[in-house]
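turn this into a model:
(one chain, ligands or ions: 1)
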Amino acid sequence: MIIIDGKHTAEEIYSELRKETEKIVSSGKRPPSLVAILVGNDPASTHYVRSKEKIAKKIGFSSQTIHFPISITQEELLQEIKKLNNNPDIDGYIVQLPLPKHIDEQEIIFAINPDKDIDGFHPLNLGKMLVQSEGFLPATPYGILELIKRYDINTVGKKVVIIGRSLIVGRPLSILLNQKHVGGNATVCVAHSKTKNLKKLTLSADILITALGKPEFVTADMVKEGVVVIDAGINQIEDKNSAKGYKLVGDVKFDEVSKKASYITPVPGGVGPMTIAMLMVNTMRAYKNKIIS
Ligand code: NDP
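Residues are numbered from 1 along each chain as shown. Here you go, the predicted model:
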(Lines give C-alpha, C1' and ligand atoms only; values in the text may rest on other atoms or scores of the structure.)
Protein backbone atom coordinates (compact mmCIF):
# COMPACT_ATOMS: atom_id res chain seq x y z
CA MET A 1 0.00 0.00 0.00
CA ILE A 2 1.30 3.41 -0.96
CA ILE A 3 0.35 6.53 1.00
CA ILE A 4 -0.34 9.43 -1.33
CA ASP A 5 1.50 12.19 0.48
CA GLY A 6 -0.24 15.44 -0.40
CA LYS A 7 1.91 17.44 1.99
CA HIS A 8 5.09 16.33 0.26
CA THR A 9 3.62 16.87 -3.23
CA ALA A 10 2.45 20.35 -2.22
CA GLU A 11 6.00 21.13 -1.01
CA GLU A 12 7.35 20.03 -4.41
CA ILE A 13 4.94 22.41 -6.10
CA TYR A 14 5.94 25.25 -3.74
CA SER A 15 9.58 24.67 -4.53
CA GLU A 16 8.82 24.83 -8.29
CA LEU A 17 6.80 28.02 -7.82
CA ARG A 18 9.45 29.59 -5.58
CA LYS A 19 12.13 29.07 -8.25
CA GLU A 20 9.86 30.56 -10.91
CA THR A 21 9.10 33.59 -8.70
CA GLU A 22 12.79 34.14 -7.97
CA LYS A 23 13.49 34.23 -11.72
CA ILE A 24 10.67 36.74 -12.27
CA VAL A 25 11.85 39.02 -9.48
CA SER A 26 15.51 38.83 -10.51
CA SER A 27 14.48 39.97 -13.99
CA GLY A 28 13.16 43.17 -12.39
CA LYS A 29 9.44 42.37 -12.50
CA ARG A 30 7.06 42.37 -9.56
CA PRO A 31 6.06 38.97 -8.10
CA PRO A 32 2.60 37.42 -8.55
CA SER A 33 0.08 38.83 -6.10
CA LEU A 34 -3.06 37.47 -4.51
CA VAL A 35 -5.67 38.65 -2.08
CA ALA A 36 -8.07 36.76 0.17
CA ILE A 37 -11.34 38.33 1.22
CA LEU A 38 -12.47 37.18 4.65
CA VAL A 39 -15.86 38.11 6.05
CA GLY A 40 -16.51 37.59 9.76
CA ASN A 41 -14.52 35.53 12.25
CA ASP A 42 -15.35 31.91 11.50
CA PRO A 43 -12.37 30.00 12.99
CA ALA A 44 -12.02 27.48 10.10
CA SER A 45 -12.19 30.24 7.46
CA THR A 46 -9.71 32.41 9.40
CA HIS A 47 -7.35 29.42 9.69
CA TYR A 48 -7.56 28.64 5.92
CA VAL A 49 -6.98 32.25 4.93
CA ARG A 50 -3.98 32.56 7.27
CA SER A 51 -2.46 29.36 5.86
CA LYS A 52 -2.92 30.65 2.32
CA GLU A 53 -1.25 33.96 3.17
CA LYS A 54 1.65 32.22 4.91
CA ILE A 55 2.29 29.90 1.99
CA ALA A 56 2.00 32.67 -0.60
CA LYS A 57 4.67 34.64 1.26
CA LYS A 58 6.86 31.54 1.57
CA ILE A 59 7.00 31.18 -2.21
CA GLY A 60 7.66 34.88 -2.77
CA PHE A 61 4.19 36.01 -3.85
CA SER A 62 2.81 39.22 -2.53
CA SER A 63 -0.24 38.37 -0.45
CA GLN A 64 -2.82 40.19 1.59
CA THR A 65 -5.99 39.38 3.50
CA ILE A 66 -8.79 41.93 3.47
CA HIS A 67 -10.95 41.33 6.50
CA PHE A 68 -14.52 42.64 6.67
CA PRO A 69 -16.94 42.54 9.62
CA ILE A 70 -19.82 40.07 9.44
CA SER A 71 -22.16 43.07 9.10
CA ILE A 72 -20.87 44.00 5.62
CA THR A 73 -23.75 44.33 3.16
CA GLN A 74 -24.08 42.71 -0.26
CA GLU A 75 -23.62 46.11 -1.94
CA GLU A 76 -20.49 46.97 0.06
CA LEU A 77 -18.93 43.58 -0.72
CA LEU A 78 -19.74 43.97 -4.42
CA GLN A 79 -18.02 47.39 -4.34
CA GLU A 80 -14.89 45.83 -2.81
CA ILE A 81 -14.93 43.15 -5.51
CA LYS A 82 -15.16 45.83 -8.17
CA LYS A 83 -12.06 47.49 -6.68
CA LEU A 84 -10.10 44.22 -6.83
CA ASN A 85 -11.31 43.56 -10.40
CA ASN A 86 -9.94 46.96 -11.46
CA ASN A 87 -6.70 46.88 -9.49
CA PRO A 88 -3.86 46.08 -11.96
CA ASP A 89 -1.53 45.07 -9.12
CA ILE A 90 -3.74 42.17 -8.04
CA ASP A 91 -3.44 39.05 -10.23
CA GLY A 92 -5.92 36.86 -8.44
CA TYR A 93 -8.16 36.76 -5.42
CA ILE A 94 -10.46 34.48 -3.51
CA VAL A 95 -13.56 35.15 -1.49
CA GLN A 96 -13.40 32.74 1.43
CA LEU A 97 -16.59 30.69 1.65
CA PRO A 98 -18.99 30.23 3.29
CA LEU A 99 -20.22 33.82 3.44
CA PRO A 100 -22.74 34.98 6.09
CA LYS A 101 -26.36 34.03 5.36
CA HIS A 102 -27.44 37.57 4.39
CA ILE A 103 -24.96 37.58 1.49
CA ASP A 104 -25.92 36.03 -1.85
CA GLU A 105 -22.85 33.87 -2.51
CA GLN A 106 -23.69 33.24 -6.14
CA GLU A 107 -23.99 36.95 -6.95
CA ILE A 108 -20.59 37.54 -5.34
CA ILE A 109 -18.93 34.71 -7.28
CA PHE A 110 -20.48 35.90 -10.54
CA ALA A 111 -19.04 39.39 -9.87
CA ILE A 112 -15.43 38.15 -9.71
CA ASN A 113 -13.40 38.98 -12.81
CA PRO A 114 -12.95 35.50 -14.37
CA ASP A 115 -9.30 36.40 -15.20
CA LYS A 116 -8.66 36.79 -11.45
CA ASP A 117 -10.82 33.88 -10.30
CA ILE A 118 -8.05 31.68 -8.88
CA ASP A 119 -10.59 29.51 -7.02
CA GLY A 120 -12.09 28.57 -10.40
CA PHE A 121 -15.68 28.99 -9.18
CA HIS A 122 -16.85 31.57 -11.75
CA PRO A 123 -19.25 30.03 -14.31
CA LEU A 124 -16.99 31.12 -17.17
CA ASN A 125 -14.13 29.08 -15.75
CA LEU A 126 -16.44 26.14 -15.00
CA GLY A 127 -17.66 26.36 -18.62
CA LYS A 128 -14.09 26.50 -19.93
CA MET A 129 -13.33 23.37 -17.92
CA LEU A 130 -16.30 21.67 -19.55
CA VAL A 131 -15.08 22.43 -23.08
CA GLN A 132 -11.41 21.85 -22.15
CA SER A 133 -10.33 25.40 -22.85
CA GLU A 134 -7.59 27.07 -20.80
CA GLY A 135 -9.08 28.62 -17.65
CA PHE A 136 -8.80 28.18 -13.91
CA LEU A 137 -9.70 24.75 -12.54
CA PRO A 138 -11.33 24.61 -9.10
CA ALA A 139 -8.48 24.07 -6.65
CA THR A 140 -9.55 20.86 -4.87
CA PRO A 141 -10.43 18.80 -8.00
CA TYR A 142 -7.30 20.23 -9.65
CA GLY A 143 -5.25 19.09 -6.64
CA ILE A 144 -6.71 15.58 -6.82
CA LEU A 145 -5.94 15.41 -10.55
CA GLU A 146 -2.39 16.54 -9.85
CA LEU A 147 -1.94 13.83 -7.19
CA ILE A 148 -3.20 11.22 -9.66
CA LYS A 149 -0.71 12.46 -12.26
CA ARG A 150 2.29 12.79 -9.95
CA TYR A 151 1.69 9.33 -8.45
CA ASP A 152 1.25 7.92 -11.96
CA ILE A 153 -2.09 6.31 -11.09
CA ASN A 154 -3.63 4.70 -14.15
CA THR A 155 -7.15 6.02 -14.69
CA VAL A 156 -7.65 4.86 -18.29
CA GLY A 157 -10.79 2.72 -18.53
CA LYS A 158 -10.96 2.46 -14.73
CA LYS A 159 -14.20 2.70 -12.84
CA VAL A 160 -14.15 5.76 -10.60
CA VAL A 161 -16.82 6.23 -7.96
CA ILE A 162 -17.05 9.70 -6.42
CA ILE A 163 -19.23 10.17 -3.34
CA GLY A 164 -20.44 13.78 -3.30
CA ARG A 165 -21.64 16.05 -6.11
CA SER A 166 -20.87 19.54 -4.80
CA LEU A 167 -19.78 22.26 -7.20
CA ILE A 168 -16.45 22.67 -5.44
CA VAL A 169 -15.35 19.01 -5.33
CA GLY A 170 -17.40 16.08 -6.68
CA ARG A 171 -19.06 17.50 -9.77
CA PRO A 172 -16.05 19.21 -11.41
CA LEU A 173 -13.86 16.24 -10.49
CA SER A 174 -16.25 13.86 -12.27
CA ILE A 175 -15.82 15.93 -15.44
CA LEU A 176 -12.02 16.10 -15.20
CA LEU A 177 -11.61 12.36 -14.66
CA ASN A 178 -13.95 11.54 -17.53
CA GLN A 179 -12.26 13.81 -20.11
CA LYS A 180 -9.66 12.75 -22.65
CA HIS A 181 -6.33 13.76 -21.06
CA VAL A 182 -3.65 12.38 -18.80
CA GLY A 183 -5.30 11.48 -15.50
CA GLY A 184 -8.68 11.17 -17.26
CA ASN A 185 -10.37 8.66 -19.58
CA ALA A 186 -12.07 6.96 -16.64
CA THR A 187 -15.65 5.75 -16.42
CA VAL A 188 -17.07 7.92 -13.66
CA CYS A 189 -20.07 7.44 -11.43
CA VAL A 190 -21.11 10.20 -9.00
CA ALA A 191 -23.02 9.17 -5.88
CA HIS A 192 -24.99 11.45 -3.56
CA SER A 193 -27.35 11.29 -0.63
CA LYS A 194 -30.18 9.83 -2.74
CA THR A 195 -28.03 7.09 -4.28
CA LYS A 196 -29.45 3.61 -3.67
CA ASN A 197 -27.27 0.69 -2.64
CA LEU A 198 -24.11 2.75 -2.26
CA LYS A 199 -22.11 -0.19 -0.95
CA LYS A 200 -22.68 -2.18 -4.17
CA LEU A 201 -21.38 0.82 -6.08
CA THR A 202 -18.31 1.47 -3.91
CA LEU A 203 -17.41 -2.25 -4.05
CA SER A 204 -17.25 -1.96 -7.85
CA ALA A 205 -14.82 1.01 -7.77
CA ASP A 206 -11.22 0.74 -8.98
CA ILE A 207 -10.77 4.29 -7.70
CA LEU A 208 -12.94 5.62 -4.88
CA ILE A 209 -13.04 9.36 -4.16
CA THR A 210 -14.91 10.65 -1.14
CA ALA A 211 -16.16 14.21 -0.71
CA LEU A 212 -19.25 13.94 1.44
CA GLY A 213 -18.15 15.36 4.79
CA LYS A 214 -19.14 12.39 7.00
CA PRO A 215 -16.42 11.23 9.41
CA GLU A 216 -15.08 7.72 8.66
CA PHE A 217 -18.15 6.88 6.59
CA VAL A 218 -16.41 4.42 4.24
CA THR A 219 -15.43 1.18 5.97
CA ALA A 220 -13.35 -1.77 4.77
CA ASP A 221 -16.39 -3.86 3.82
CA MET A 222 -17.35 -1.16 1.27
CA VAL A 223 -14.20 -1.40 -0.88
CA LYS A 224 -12.53 -4.05 -2.96
CA GLU A 225 -8.97 -5.31 -2.58
CA GLY A 226 -6.44 -3.09 -4.41
CA VAL A 227 -8.71 -0.02 -4.62
CA VAL A 228 -7.19 3.47 -4.95
CA VAL A 229 -8.74 5.71 -2.29
CA ILE A 230 -8.68 9.51 -2.39
CA ASP A 231 -10.33 11.12 0.60
CA ALA A 232 -11.19 14.81 0.29
CA GLY A 233 -13.25 14.89 3.49
CA ILE A 234 -12.11 17.02 6.41
CA ASN A 235 -14.13 16.37 9.55
CA GLN A 236 -13.57 17.31 13.18
CA ILE A 237 -14.30 14.63 15.76
CA GLU A 238 -13.94 14.74 19.50
CA ASP A 239 -10.55 13.62 20.83
CA LYS A 240 -10.03 13.84 24.55
CA ASN A 241 -6.32 13.03 24.16
CA SER A 242 -5.67 16.12 22.07
CA ALA A 243 -5.05 19.52 23.63
CA LYS A 244 -7.57 21.02 21.21
CA GLY A 245 -10.20 18.46 22.23
CA TYR A 246 -10.70 17.30 18.66
CA LYS A 247 -8.89 15.71 15.73
CA LEU A 248 -9.34 15.76 11.98
CA VAL A 249 -10.45 12.66 10.12
CA GLY A 250 -11.54 12.02 6.56
CA ASP A 251 -14.64 10.40 5.10
CA VAL A 252 -12.79 7.07 5.09
CA LYS A 253 -11.95 4.86 8.05
CA PHE A 254 -8.24 5.01 7.28
CA ASP A 255 -6.93 2.24 9.57
CA GLU A 256 -9.08 -0.51 8.10
CA VAL A 257 -9.52 0.70 4.50
CA SER A 258 -5.77 1.26 4.07
CA LYS A 259 -5.23 -2.49 4.60
CA LYS A 260 -7.15 -3.23 1.38
CA ALA A 261 -6.05 -0.23 -0.66
CA SER A 262 -3.20 -0.05 -3.20
CA TYR A 263 -2.98 3.74 -2.76
CA ILE A 264 -4.64 5.95 -0.16
CA THR A 265 -4.54 9.60 0.93
CA PRO A 266 -4.34 10.32 4.67
CA VAL A 267 -6.34 13.04 6.45
CA PRO A 268 -4.75 15.39 7.30
CA GLY A 269 -1.89 15.53 4.81
CA GLY A 270 -3.60 14.23 1.67
CA VAL A 271 -5.94 16.31 -0.46
CA GLY A 272 -6.04 19.34 1.90
CA PRO A 273 -2.50 20.66 1.25
CA MET A 274 -3.02 20.22 -2.50
CA THR A 275 -5.96 22.62 -2.53
CA ILE A 276 -3.75 25.50 -1.37
CA ALA A 277 -0.94 24.41 -3.70
CA MET A 278 -3.21 24.55 -6.75
CA LEU A 279 -4.49 27.95 -5.67
CA MET A 280 -0.88 29.15 -5.91
CA VAL A 281 -0.49 27.46 -9.32
CA ASN A 282 -3.61 29.32 -10.48
CA THR A 283 -2.18 32.61 -9.13
CA MET A 284 1.02 32.10 -11.13
CA ARG A 285 -1.10 31.38 -14.22
CA ALA A 286 -3.18 34.54 -13.66
CA TYR A 287 0.04 36.55 -13.35
CA LYS A 288 1.54 35.10 -16.53
CA ASN A 289 -1.70 35.57 -18.50
CA LYS A 290 -1.65 39.25 -17.56
CA ILE A 291 2.02 39.83 -18.29
CA ILE A 292 1.78 38.09 -21.67
CA SER A 293 -1.52 39.69 -22.79
P1 NDP B 1 -21.23 19.45 0.48
O2 NDP B 1 -21.97 19.32 1.78
O3 NDP B 1 -21.44 20.63 -0.38
O4 NDP B 1 -21.56 18.14 -0.39
C5 NDP B 1 -21.59 16.87 0.16
C6 NDP B 1 -22.01 15.89 -0.89
O7 NDP B 1 -22.02 14.59 -0.30
C8 NDP B 1 -23.42 16.14 -1.44
O9 NDP B 1 -23.45 15.89 -2.82
C10 NDP B 1 -24.28 15.12 -0.69
O11 NDP B 1 -25.40 14.66 -1.43
C12 NDP B 1 -23.29 13.99 -0.51
N13 NDP B 1 -23.64 13.14 0.63
C14 NDP B 1 -23.87 13.55 1.90
N15 NDP B 1 -24.17 12.48 2.68
C16 NDP B 1 -24.13 11.40 1.87
C17 NDP B 1 -24.35 10.00 2.07
N18 NDP B 1 -24.69 9.53 3.27
N19 NDP B 1 -24.20 9.18 1.03
C20 NDP B 1 -23.87 9.64 -0.20
N21 NDP B 1 -23.65 10.95 -0.46
C22 NDP B 1 -23.77 11.81 0.57
O23 NDP B 1 -19.71 19.25 0.86
P24 NDP B 1 -18.36 19.74 0.12
O25 NDP B 1 -18.26 19.13 -1.23
O26 NDP B 1 -18.21 21.19 0.28
O27 NDP B 1 -17.29 19.05 1.09
C28 NDP B 1 -17.23 17.66 1.25
C29 NDP B 1 -16.10 17.33 2.19
O30 NDP B 1 -14.89 17.74 1.58
C31 NDP B 1 -16.15 18.06 3.55
O32 NDP B 1 -15.62 17.23 4.54
C33 NDP B 1 -15.26 19.25 3.33
O34 NDP B 1 -14.68 19.71 4.55
C35 NDP B 1 -14.21 18.65 2.43
N36 NDP B 1 -13.52 19.62 1.58
C37 NDP B 1 -12.19 19.53 1.56
C38 NDP B 1 -11.45 20.39 0.80
C39 NDP B 1 -9.98 20.21 0.79
O40 NDP B 1 -9.27 21.17 0.59
N41 NDP B 1 -9.49 18.99 0.96
C42 NDP B 1 -12.07 21.46 0.02
C43 NDP B 1 -13.51 21.42 0.04
C44 NDP B 1 -14.19 20.54 0.82
P45 NDP B 1 -26.60 15.66 -1.89
O46 NDP B 1 -26.05 16.41 -3.06
O47 NDP B 1 -27.69 14.74 -2.26
O48 NDP B 1 -26.89 16.53 -0.71
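
three-state assignment of the residue most central in space within the chain?
The residue lying closest to the centre of the chain (C-alpha atoms, centre = their mean) is T140, at 1.9 Å. Per DSSP: H, G, I helix; E, B strand; the rest coil, the secondary structure class of T140 is helix.

what's near enough to touch it?
I168, V169, L173, A211, A232, V271, M274, T275, M278 (C-beta atoms under 8 Å, 6 or more residues apart in numbering). (Each C-beta comes from the backbone N, C-alpha and C, glycine too.)

can I get those residues in a markdown table with neighbour count and secondary structure?
Shown next, in a markdown table, are the contacts of T140 (neighbours: other C-beta atoms under 10 Å; DSSP: H, G, I helix; E, B strand; the rest coil):
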| residue | neighbour count | secondary structure |
| --- | --- | --- |
| I168 | 19 | coil |
| V169 | 26 | coil |
| L173 | 29 | helix |
| A211 | 26 | coil |
| A232 | 31 | coil |
| V271 | 27 | helix |
| M274 | 27 | helix |
| T275 | 25 | helix |
| M278 | 26 | helix |
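
could you pick out which of the residues you listed are near the ligand?
With C-beta under 6 Å from any ligand atom as the criterion, the contacts of T140 include I168, V169, A211, A232, V271, T275 near the ligand.

all strands for the chain, in order.
Listed in chain order, the strands of the chain (DSSP state E) span 2-3, 33-39, 62-68, 92-95, 159-163, 187-191, 207-210, 228-231, 235-238, 246-249, 263-264.

I'd like to know which elements the first one is packed against.
Counting contacts by 3 or more C-beta pairs under 8 Å, 6 or more residues apart in numbering; DSSP states H and E, strand 2-3 packs against strand 263-264.

up against the ligand, what does the protein have?
Residues of the chain lying near the ligand (C-beta under 6 Å from any ligand atom): 140, 163-166, 168-170, 191-195, 198, 211-214, 232-235, 271-272, 275.
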